[in-house]
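**Student:** Structure, please.
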Amino acid sequence: MKFKKFGSTEQKVYELVKPITDELGYYLWDVCYEKEGADWYLRIFIDNDEGITIEDCERATTPINAVMDEKDPISGGYILEIGSAGLERELVKEEHFKICEGDKVRIRFIRSVDGEKEIIAVLSCADRDGVSVVLDDGSEKKFSLADIAYVRLYFEM
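**Tutor:** Numbering: from 1, shown residues only. All right, here's what the predicted structure looks like:
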């Protein structure tokens, strides 16, 4: 796993969209610009303390769509999607880990680590060297980013 770095298109979109999401009271969780099949998708993920509803996505779509049309930072066609970051969102940026310190996370490993392919623990901190968690027995353990496939928030049903 590596901390996500925006590509130039994602960075441009982030800078255009962040003032809008801030003004609307949303946290801009992530921007993804990716090709699926023959189509390009621009996905903007938002969040707030109360969670995100369909109405929130609709509310954000109009001004975001307007600024994207006006500034036209992407040459060529794409499908714009605005959605919630989700309950079990993936932590991909350093700031995501800071925001989620003290929350339960699911860590999936690339290959077994200490006989485990996946663990659920409380996030302690993360840096360029790895992710530290507090295990169920109260002990703290640090895992190398090179061993981690992904880290997601854990939501108990």
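**Student:** what does the domain assignment say about the chain?
**Tutor:** 8-84, 94-153 (automatic domain parsing).
**Student:** want to throw those into JSON lines with mean pLDDT, distance to residue 2 and mean neighbour count?
**Tutor:** From N, CA and C alone the C-beta is placed, and that goes for glycine too. Formatted as JSON lines, those follow (pLDDT from 0 to 100; distance: least, CB to CB, whole Å; neighbours: other CB atoms under 10 Å):
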{"stretch": "domain 8-84", "mean pLDDT": "96", "distance to residue 2": "15", "mean neighbour count": "15"}
{"stretch": "domain 94-153", "mean pLDDT": "96", "distance to residue 2": "7", "mean neighbour count": "15"}
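**Student:** between the ones you listed, which gets nearest to residue 1?
**Tutor:** Comparing the domains of the chain against residue 1 with CB to CB, the closest turns out to be domain 94-153 (4.1 Å).
**Student:** most remote residue from this protein's center?
**Tutor:** Residue farthest from the centre of the chain, counting by CA atoms, centre = their mean, is residue 137 at 28.5 Å.
**Student:** hmm, back to that, adding distance to residue 1, write the domains of the chain out as TSV.
**Tutor:** Listed next are these as TSV, based on distance: least, CB to CB, whole Å:
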stretch	distance to residue 1
domain 8-84	15
domain 94-153	4
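**Student:** in the protein, which strand has the most residues?
**Tutor:** Counting residues, the longest strand found in the chain (DSSP state E) is strand 116-127.
**Student:** so how far is residue 119 from residue 63?
**Tutor:** Residue 63 sits 41 Å away from residue 119, taking CB to CB, to the nearest Å as the criterion.
**Student:** An error on my part: the question was meant for residue 132.
**Tutor:** Separation of residue 132 from residue 119 (CB to CB) stands at 12 Å.
**Student:** Could you do residue 97 as well?
**Tutor:** Separation of residue 97 from residue 119 (CB to CB): 16 Å.
**Student:** Could you do residue 68 as well?
**Tutor:** Counting by CB to CB, the gap from residue 68 to residue 119 is 40 Å.
**Student:** Repeat that for residue 92.
**Tutor:** Distance check for residue 92 against residue 119: by CB to CB, it reads 19 Å.
**Student:** With residue 47 instead?
**Tutor:** Distance of residue 47 to residue 119, given as CB to CB: 24 Å.
**Student:** Same check on residue 61?
**Tutor:** Using CB to CB, we find residue 61 at a distance of 37 Å from residue 119.
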